[in-house]
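Peer 1: turn this into a structure:
(chains A, B and C)
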Amino acid sequence: MNYFVKGNPMLCIGCRTCMVACVVAHEGPSIFTMHPDDADFQPRIKVVKTKTMTKTVQCHQCENAPCAAVCPTGALYKEAHHIAFENEQCIGCKQCMMACPFGAITMAAPDEKGRRVAHKCDLCTSTAEGAPACVSHCPTEALTFYTEDVQQQSLTDKQVRSVRAASRVAGKEGV
Amino acid sequence: MNAFVYCDTSLCIGCGMCERRCIMSHEQLSIKEVTLDEPTQRQRCKSFRREDVKGVLHCRHCENAPCMAACPVGAIERRTWDEDEKGHGQSGIIVNEDTCIGCKECVLACPFGAVWIAPTKAQRMVATKCDLCVTTEEGTPACVSGCPKKALRVVSLR
Amino acid sequence: MEQGYKTVRTVCPYCGAGCHIALTVDTVHNRIVKATGANGRTNEGRLCLKGYYGWDYLTDPQLLTKRLRYPMIRKGGKGSPLERVSWEEAIQYTAERLQAIIKEYGPDAVMGAGSARGPGNEAGYITQKFMRACIGTNNVDHCARICHAASVTGLRASIGEGAMSVSVPEIEDAEVIFNIGYNAATSHPIVARRVVKAKAKGAKIICVDPQITETARIADIHLQIKGGTNLALLNAMAYTMIEEGLVDEAFVKAHTEGFEDYAKALGGYAPEAMASIIGVPAEMIRRAARLFASSKHTVTLWGMGITQFAQGVDSVIACSNLSLLTGNYGHRATGVGPVRGQNNVQGTCDMGVLPDVYPGYQRVDDPKARAKFEKAWGVTLPATPGLPLTLVPEKILRETDPKKQIHAYYIVGEDPAQSDPDLTEIREALSACDFVVIQDIFMNKTAEFADVVLPATAWGEHDAVYSSCDRGFQRVRKAIEPVGEAWPDWKIQCAVATAMGYPMSYTSTQEIWDEMRSLSPKFYGATYEKMEALGGVQWPCVDPSMEDRGTEYLHEGGTFATENGKGRLLFAPYKPVHEEVDSEYPLSLCTVREVGHYSVRTMTGNCRMLSKLEDEPGWIAMNPADCKRLGITTGDLVYVHSRRGKTITRCLATERAKEGATYMTYQWWVGACNELTIGMLDPKSRTPEYKYCAVRVEAIADQAAAEAKVSEYYERLRTRMGITVNDKNAKATAKTDTAGAANGTMATAHAKAAMATTQAKAAMATAVTMNPAKEREVRSL
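Peer 2: Residues are numbered from 1 along each chain as shown, chains lettered A, B, ... in the order given. Model (predicted):
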C-alpha cells in the first residue's frame, strides 16, 4: 500500500508554511546563502482556497496512478510505498500533468541544463530529513502522513466507532 | 432510497460468517476454499467480536454518499437494477473497479470506514465495499441469508 | 551538534504569540542556519512560516532594503545626502540639536516613539526614561496607538485592566469562542491553532467579520456584517441577552455596577431595529447572543476589526459588557482576548512607552507614582500626560503656537511613513519637522526624512525580554554578532542622554530589567532567573521567590482591577463610519494582514523564502462581481484612488469579499494602501479608522506598460534604500501564487485555467474526506 500526505480542511488556516517547508526541504540549507535570484521556488504541495474551503492539494500516491499509467518512458513508477519519479527518464511530455485528476503534478522550471520535467510530491524521500517536511512544519497539525499503519488505524477506529454507535440502538422498538 | 444491510448487534455473536459468505459469493468459492488471510479474497463487510460489542460494519449506501462526492474520477456512482413493472428498482452506491485509480479519497471520506483498498485477483488495488451483491450470481446479499443468528436484514423500500 | 555550531533558544520577533524558537548557529561564520520550534507555553513546539524562515534578513540579502551599518548625518541639511560619521559625532550632534530645541521651545517640543518589535522591553524602558528624565517630557508613545490602544483604554474603563484576561493555551478549552474583528489565521497562526483545536474538541464558534475568513468558514454562526457596524451588533446582542433573560443576574449583582442605566440606554437596539444597518438577519443576531450566553466558558477574541475605528473604544467596552452580563470573567477558559499583534507591543505598553503611564501602568498624573520615579531617577518629572503619536502631524503642520508645536521627532524601530494612515500627511509632517532622528536596523521610507540615522542591533543580535500577547515575559537571546557598527537600542539612547547631561549607563539588559522591576509592583517577581527556569512568566508576578509563578488568567472570582473591584456596564450609542462610500468612491477599503509577511515588511521583505511566496505590489481583494463590472481579473494591475491619494496593486477576485468591499494589506511598499487610508481618530484612544474608507478602483488598459512601471518603481525604491541594482538582481514583480493560478510557468491561459479548476475541484471534493458525515452536507462537483 502506498503512503501519502493529506490535509484536513477543518484544521487548515491557509498559511502556506507547508509550501515553503517543501521548497526548503528539497533545496537544502544552501537556499539561505545562495544569491536570492538563483533560488527556485517550486513547492510540490499547494494551498487552494475557494469561497468556503481552504486545503492543500498534493500527490495522492494513487495505487493505480493515472500519471504512471500514461507515462511513455516509465519515469513514474511505484517504489518504496509511493509513486517515484526518475528525472533522467522524463521527456517532459506533460501527459502526467494532464492525467492527474488532482492537479498535483506540475512542470518544474528549467534546470541548469534547460530541461523541464514533471514535478510532484515524493514524500520527501529525496531530502535530508527523509520524512514529509510539510507535515512536520504545519503550525496547526493539519497535515497527516498516512503510512500503512496510520491508514489501517484510521479505518479500524471508524469501523469500531460505527459498530458501537449501532449497538446503542440495537434491539430497540421500531428499529 | 438506496438499500443497505442492517445489523442488529443485540443478536450478533461476532462469528464472522457474513464475511465468509461475502467472499464465497463474490469470488465463487466454497466455504472450504475461503481463508481470511488471502488479500485477493475480498470481503466487503467487517465483523467485530470484542468484549464490549459484537457487530458487523457494512456500507450504508448513503443518499448523499461522501465517497461518491470525493471520488475524483467518478468511479463511484449510484446504480439502479432489477426494475419491476412499475419501474421501481433496487439501488445502491457501487464502485466501478476498472475506473478506480486507488487514490484513497473515498477511504478517508467514509465516516464509517466502510470502504477500503484491497487487491483484485489481477492485483489491482481498488476501492472495495459492499455492493449489495449486485455483481454476484445470487444477486441478493449473501451475508443476510448466511447469518446463523438472523442478525442481518436488507433495508429497502421494496 | 557539529563542531562550531550551537543552539540558541529564543522567542520569535514577529507576532505576539510568543513562540519559542531553537536557532542553530554556525559560530564560525557568525550565521544562523536553521530555526525549529521549541516547546514554549503558547506554541508547544510549532511555528509558522515566519518563525521558520523569517531569520535570513540577518544575512542582509538586500531584497527590499539594506541593513544600516554605521551612523549617518544629513550634513547639508534637509534634502542633502546622508553622510557616514562616527558614533561620537552622531551622538554629539543629536544631543546638541535636541538641547537647542528644548532651550528654544521647551521639552514638550520633542516627541519620542519607542519600538514594539525587535528591541524588547529593556530598550522600551530606556526609551521612556530617556524621554521623561533626560528630555523632560511625557511625549512618548508607540504603535499600539494605531492598533490596540482602544483595547487598553476601553478595558481600563470597563474592568480596570487593559490586557488579555485569558491566556492563549486556554482558548482551546473554550466552549464558545466569540471572534469579532479578528483574523487569527493571518495575524497569529499559533493562536489560530488553538481555535481549530477548540473546534475539534467540540467548541462552537461565532465569527463576526465582513469577510469569509478562515475562522468564519469553520464558524457555527458567521455574522457577515457590513464593515463599521460592530457597536450596533454588540448593543443588539446585549439587548437580546437582557430581553430574553439570558443575563447571569447573580454575577451582575455581585460584580458589576450600572446595569439599570445600561439596560435602559439599550432601548433602541433590538436586533429587529438594527438588522438592516448591520446587514445580517435579526434572528441570526439573537442566535449568536443565545450561544454566547449559553456557556460560562465563552472566550471573546478581538483585533483591529473593532479597534481601528472611530468607535474602537466603545466597541471594546461593548464586548466586555457581554462577558460581564453573562459571568464570563474570572475563571479558567473564559474572558476577553484583545490579541496583541506584535511580538512586543504588549511589552512596550508594559514598559510605559505611553504618554500617560510609567512602567507597570502607574499614571504620570498620580503624585505618589511620580514621586517614586522622581526619586529613582533623580529628577523632577512632568506631571501632565503627553502627546499620542497620531497627533504629531497636526502638531507639526497645523499648530499655530510655536511653543506647542513638535520640533523634534526621535523614532526608534518604527516606520510611520509606511504604517501611519494618510501617508501624504505623514510625509509632509516629517519633511516639516525641524529635527528627525531615526534609530533602526534597516533603511526605510521614514529614514529618507531623517536628519540623523543611528544603526541598531536586530533581533538575533541582542538579548531582551519580550511580552507575549497574553502577558508572558519571555527571554530573547543573542545568537550572532551584530552587523557593522550597530549598537543595541538601549546603549544608543543612554549615550545620547549622557551627552545631554543626564548620565545613563548599564552593563547588561538584566541590569535594566532589574531597575524596571524594582519600580513596577506588577512585574517585580519576574526575574531573569525565573523566566529562564520556567520558560516565561505571565504578569502579574509580584514576588521574586519561586512560589509566585505568575498569573494565567485575570480577575479571579470576578474581582476586577477597578477601585471598588466591580466591572462597569457602560453604554455608547452607535455612530456610522466617518467616510461612507458614494458615487465618486463607490467601494469601501479595509486594511488586513498577510500571514507570510509582517507589518511594514522591512524584515520579512528581506527574507528569501517569504519574498518568493509573496512580493510587490501586493493585492486588492475584491468580489468577482465588482471585478466584472470594472472589467478586471485576478492578476491585473489596477490603480486604487481615495481622497487622500493613489496607489497601484493587483486585483485578486475572491468570493470571500462581499460585493462593495475591498481589502489590502499595509505592508507593500509599492502597493502602499496607507496612501489611501483616512486619519480620522477615535477621540478616546486616538486610533485611526483604518478599517473603513471610500475608494475607487481604476482598470489599467495597457497592462504591459503598467508592469514595466511597477518594476521600474520597485527598482528605484531599492536604489533609494541604498541597494546597488544591477541586471542580475533586478526584481521581477511577477504574479505570485496566491490566487490559485498554476504553480510554475505554464504557456497558455487555457492550461492555467484548467489547472486552477482541477485543483479547486479537488479541494472541494476531497474536503468531504475529513468531515463527519452527520455534520456536513456533501457538495456535488
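
Peer 1: so residue C:625 is in which element?
Peer 2: Using DSSP states H and E, residue C:625 falls within helix C:624-630.

Peer 1: buried residues of that helix, list them for me.
Peer 2: Neighbour counts over helix C:624-630 (16 or more other Cβ atoms under 10 Å in any protein chain shown) mark C:626-627, C:630 as buried. Where you see a C-beta, it was placed from the backbone N, CA and C, and this is true even at glycine.

Peer 1: which elements pack onto that helix?
Peer 2: On a contact count with 3 or more Cβ pairs under 8 Å, 6 or more residues apart in numbering or on different chains; DSSP states H and E, helix C:624-630 meets strand C:646-653, strand C:693-699.

Peer 1: pairing partners for the helix or strand just after the first one, with directions?
Peer 2: When you say that, I think you mean strand C:646-653. Using DSSP H and E, the next helix or strand after strand C:646-653 towards the C-terminus is strand C:661-665. Note on strand C:661-665: by DSSP bridges, its sheet partners are strand C:587-592 (parallel), strand C:619-622 (antiparallel).

Peer 1: circling back: now mean pLDDT, distance to chain A and mean neighbour count too, for the helices and strands packed on helix C:624-630, in CSV please.
Peer 2: Shown next, in CSV, are the helices and strands packed on helix C:624-630 (pLDDT from 0 to 100; distance: least, Cβ to the nearest Cβ, whole Å; neighbours: other Cβ atoms under 10 Å in any protein chain shown):
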stretch, mean pLDDT, distance to chain A, mean neighbour count
strand C:646-653, 97, 10, 22
strand C:693-699, 97, 21, 21
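
Peer 1: of all these, which lies closest to chain B?
Peer 2: strand C:646-653 (25.2 Å; Cβ to the nearest Cβ).

Peer 1: need the residues that contact that closest one.
Peer 2: For strand C:646-653, the external contacting residues (Cβ atoms under 8 Å, 6 or more residues apart in numbering or on different chains) are C:617-624, C:627, C:632-640, C:664, C:668, C:670-673, C:675-676, C:697, C:706, C:709-710, C:735, C:738-739.

Peer 1: with just CA atoms, put that strand into PDB.
Peer 2: Taking Å, rounded to 0.1, in the frame of the first residue of the first chain, the C-alpha atoms of strand C:646-653 are listed here in PDB:
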ATOM      1  CA  LYS C 646      -3.500  56.800  -5.100                       C
ATOM      2  CA  THR C 647      -1.600  53.500  -5.300                       C
ATOM      3  CA  ILE C 648      -1.100  50.600  -7.700                       C
ATOM      4  CA  THR C 649      -1.700  47.000  -6.900                       C
ATOM      5  CA  ARG C 650      -3.000  43.700  -8.300                       C
ATOM      6  CA  CYS C 651      -6.600  42.600  -8.400                       C
ATOM      7  CA  LEU C 652      -7.500  39.400  -6.500                       C
ATOM      8  CA  ALA C 653     -11.000  38.300  -7.300                       C
END
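
Peer 1: spell out the residue ranges of the strands in the stretch 501-650 of chain C.
Peer 2: Ranges of strands within the stretch 501-650 of chain C are C:537-538, C:567-568, C:587-592, C:619-622, C:637-641, C:646-653, based on DSSP state E, counting those that start in this stretch.

Peer 1: picking up where we left off before, pull out the buried residues from the contacts of strand C:646-653.
Peer 2: For those, buried by 16+ other Cβ under 10 Å: C:617-623, C:627, C:632, C:634-638, C:640, C:664, C:668, C:670-673, C:675-676, C:697, C:706, C:710, C:735, C:738-739.

Peer 1: just to be sure, residue C:69 is in a strand?
Peer 2: No. Counting by DSSP: H, G, I helix; E, B strand; the rest coil, one finds residue C:69 to be coil, located in no strand.

Peer 1: and the closest residue to it other than its chain neighbours, how many neighbours?
Peer 2: If the residues on either side of it in the chain are set aside, residue C:69 comes closest to residue C:484, at 2.6 Å by Cβ to Cβ, 6 or more residues apart in numbering or on different chains. Applying other Cβ atoms under 10 Å in any protein chain shown, we find 12 residues neighbouring residue C:484.
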